[in-house]
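# I would like the atomic coordinates for the input below:
(one chain, ligands or ions: 2)
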Amino acid sequence: MISQKFKELDLFIEYGVPAAQQEQARALVDKFSHDPLAINIFHSFYSTLPDAVEDCIEGLFLLEQHQGQMLFWVKTTLSSYFYMVNNDKAAYGGSQQEGIREEFLQFYGFGDQESFEKKFNNFSELAPYSPDFITSQVCPVCYCREGELHEFGCPVEVCPLCDGQLINCNCRFEQLGVTEITSDSQLDLFLQRAKKKGRITYDAASQRPAYPTAGNESKKTQ
Ligand SMILES: [Zn+2]
Ligand SMILES: [Zn+2]
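Ligands and ions are numbered 1, 2, ... in the order given. Here you go, the predicted model:
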C-alpha cells in the first residue's frame with residue numbers, strides 16, 4: 001500500500017507542485033520512501049492540496065504521539081498545516097493560520113488552542129522529522145519508543161505470562177477462564193492481569209520483527 005502511494009506521488013507532484021520546485025518536492029519524498037507516516041502525509045497533501053493552490057512540502061516535524069497517532073506540523077513554501085497520521089492514513093488537521101482542529105487538540109490533551117501554542121510557540125526551533133525515526137527508534141507498528149509500553153493490542157508486544165505474542169497467545173482465555181472474548185470489559189480485565197504481571201516494554205533489539213530474537217532478554221516493567 002505504501003509503495004502504491006509512493007508511485008502515485010510522482011503524478012500528484014507533477015500537477016500539484018510549481019515546476020521549479022518539483023525536484024525539491026521529489027527529493028524529500030525519496031528521503032522518506034520507506035516511512036509510511038511520511039508517505040501518508042505527502043500523499044494526503046499532494047492529492048488534495050488543502051488550500052487548492054500549487055505548493056511544495058519543505059519539511060515535516062513531529063509534535064506529539066498518542067495511541068499510535070502521530071501529530072505532525074507540515075511546513076510548505078506558502079503555508080503550514082497539521083496532520084494526524086498513523087500507518088494507514090493521514091488526516092488533515094487545519095492550517096497554522098486557522099488553527100489546529102478541535103478534536104485533535106482534545107485527543108492530544110490540550111485544553112485549548114492557547115495551551116497548544118504555549119507548548120509549541122516557536123516551530124522554527126523544532127528538529128525536522130528524521131527518516132531514522134521508523135527504522136531505529138520506535139516500534140514499527142504502534143510507534144512507542146524504546147523502553148515504553150506498546151499500545152495495548154500492538155502485535156509486537158510480548159506477553160509477560162508466556163513470552164508469546166500478546167495478541168495471539170492463549171493467556172487471555174486461560175486468565176479469564178473463557179473460550180472466547182466477547183466484550184471490552186473482558187479485554188480490560190486481561191489488561192489488568194498483564195499489568196500486574198508486568199507488561200513488557202518495547203526493546204528494538206529483541207522485538208523488532210527484522211531482528212533475531214534469540215539471546216536477548218526482554219525488559220519488564222513494574
Ligand atoms: Zn508496538
Ligand atoms: Zn501469553
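# switch to C-alpha atoms for all contacts and neighbour counts from now on
Will do.
# tell me the secondary structure at residue 24.
For residue 24, the assignment made with DSSP: H, G, I helix; E, B strand; the rest coil gives helix.
# what about it, how many residues nearby?
By other CA atoms under 10 Å, the residues close to residue 24 number 15.
# cool, and residue 94?
18.
# now do the phi/psi pair for it.
Note on residue 94: its backbone torsions stand at phi 100, psi 160 [degrees, to the nearest 10].
# how close does the residue lying closest to it once chain neighbours are set aside get to residue 79?
Take residue 94 and drop its neighbours on the chain: the residue closest to it by CA to CA, 6 or more residues apart in numbering is residue 100, 5.0 Å away. Per CA to CA, to the nearest Å, residue 100 is found 13 Å from residue 79.
# got it, and residue 188?
For residue 188, the distance to residue 79 - CA to CA - is 43 Å.
# farthest residue from the center of this protein?
What lies farthest from the middle of the chain is residue 177; by CA atoms, centre = their mean that is 34.7 Å.
# quick one: contacts of stretch 7-19?
Applying CA atoms under 8 Å, 6 or more residues apart in numbering, the external contacts of stretch 7-19 come out as 22, 25, 26, 42, 43, 46, 47, 49, 53, 54, 55, 56.
# recalculate using a threshold of 6 Å.
Here stretch 7-19 makes contact (CA atoms under 6 Å, 6 or more residues apart in numbering) with 46, 47, 54, 55, 56.
# which of the residues in the biggest strand by length in the chain are buried?
With residue count as the measure and DSSP state E as the assignment, the chain has strand 57-66 as its longest strand. Counting neighbours by 16 or more other CA atoms under 10 Å, one finds that the buried residues in strand 57-66 are 57, 59, 60, 61, 62, 63, 65.
# what is the lowest-pLDDT residue among these?
Lowest model confidence among the buried residues of strand 57-66 falls on residue 65, which carries 87.
# bridged to that residue, which residues?
residue 70 (DSSP bridges).
# ok, the contacts of stretch 7-19 vs residue 1, which is closest?
Residue 1 lies nearest to residue 47 out of the contacts of stretch 7-19, by CA to CA, at 15.5 Å.
# any idea how far ligand 1 is from the closest one?
For residue 47, the distance to ligand 1 equals 29 Å [CA to the ion, to the nearest Å].
# wait, residue 144 sits on residue 138?
Yes - between residue 144 and residue 138 a contact is recorded at 5.4 Å, counting by CA atoms under 6 Å.
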